[in-house]
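Asker: Provided below are the primary sequence and the corresponding predicted coordinates.
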Amino acid sequence: MSSSATTILTLVSEDRVNVLVDKDAISGRSSLISDLLADLDEAAAEYPIPISKVKGDILKKVVEWCEHHKDDASEPQNLAGKKVSTWDQEFFNNEDDVTFDIILAANFLEIKGLLHLGVKLVANQIRGLNAQQIREKFGLEDDLTPEEKDRIRRENAWADDL
């Protein structure tokens, strides 16, 4: 689609924050938005698009990522072994709850590149940590009884050999 004028969409977050975004930036990254726009006529782009499961501050971050990556080639399907850019590392330099909210938003909006990137960075954070260390890092409660832990250890004893 080669248009000289940029079309701006208005996305409305669950907390009713309006976020403006370049149509090409968001539809080029979000399968959900791309499919929605494909099903509607051109005039529909003039109306706000409700994004019911994403808060305004997180939606702004997602839009920032999409606009930064607007001109990138298609997203790699596998990020294993690929170096994460300094910009993307800084983008995810947040509190853990913000990072997880970005990952959830990327999943909801079907932005595979952002989803895969977020998951990769979280996986890198927990690599080499045991279950207790992961719980401490993310403030998670240990809700298993000693009996449940023993049963899980017995059922998964094979994993110790990996």
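Answerer: That came through, no problem.

Asker: any idea how far Lys60 is from the residue nearest to Ser27 when sequence neighbours are not counted?
Answerer: Nearest residue to Ser27 in three dimensions, chain neighbours excluded: Ser34, at 4.4 Å (CB to CB, 6 or more residues apart in numbering). All C-beta atoms are positioned from the backbone trio N, CA, C, and that covers glycine. Taking CB to CB, to the nearest Å as the measure, Ser34 and Lys60 are separated by 20 Å.

Asker: what helix or strand does the residue nearest to Ser27 sit in?
Answerer: When elements are assigned from DSSP states H and E, Ser34 belongs to helix 31-39.

Asker: Give me the residues contacting that helix.
Answerer: Residues outside helix 31-39 that contact it (CB atoms under 8 Å, 6 or more residues apart in numbering) are 9, 23, 26-28, 44-45, 49, 108-112.

Asker: Give the burial count for the residue nearest to Ser27, as a bare number.
Answerer: 15 (other CB atoms under 10 Å).

Asker: what separates it from Glu110, distance-wise?
Answerer: 8 Å.

Asker: which residues do these two both contact?
Answerer: Going by CB under 8 Å, 6+ apart, no residue sits against Ser34 while also sitting against Glu110.

Asker: So for Asn18, what's the pLDDT?
Answerer: In this model, Asn18 is scored at 98, pLDDT.

Asker: ok, now Val63?
Answerer: 98.

Asker: Tell me the helix or strand right after whichever helix or strand it is part of.
Answerer: Assigned by DSSP H and E, Val63 falls within helix 56-68. Next helix or strand after helix 56-68 toward the C-terminus (DSSP H and E): helix 86-91.

Asker: can you list contacts of that next one?
Answerer: With CB under 8 Å, 6+ apart, helix 86-91 has contacts from 61, 64-65, 68, 117, 121.

Asker: Report the rounded mean pLDDT for it.
Answerer: 93.

Asker: which parts of that helix are buried?
Answerer: By neighbour count with 16 or more other CB atoms under 10 Å, helix 86-91 contains the buried residues 88, 91.

Asker: Lowest-confidence member of the contacts of helix 31-39, which is it?
Answerer: Scoring those by pLDDT puts Ala44 last, at 72.

Asker: Please name the nearest non-neighbouring residue to it.
Answerer: Leu37 (7.3 Å).

Asker: Can you give me the neighbour number for the one you found?
Answerer: So Leu37, with other CB under 10 Å, has 19 neighbours.

Asker: I'm done for today, thanks for sticking with me.
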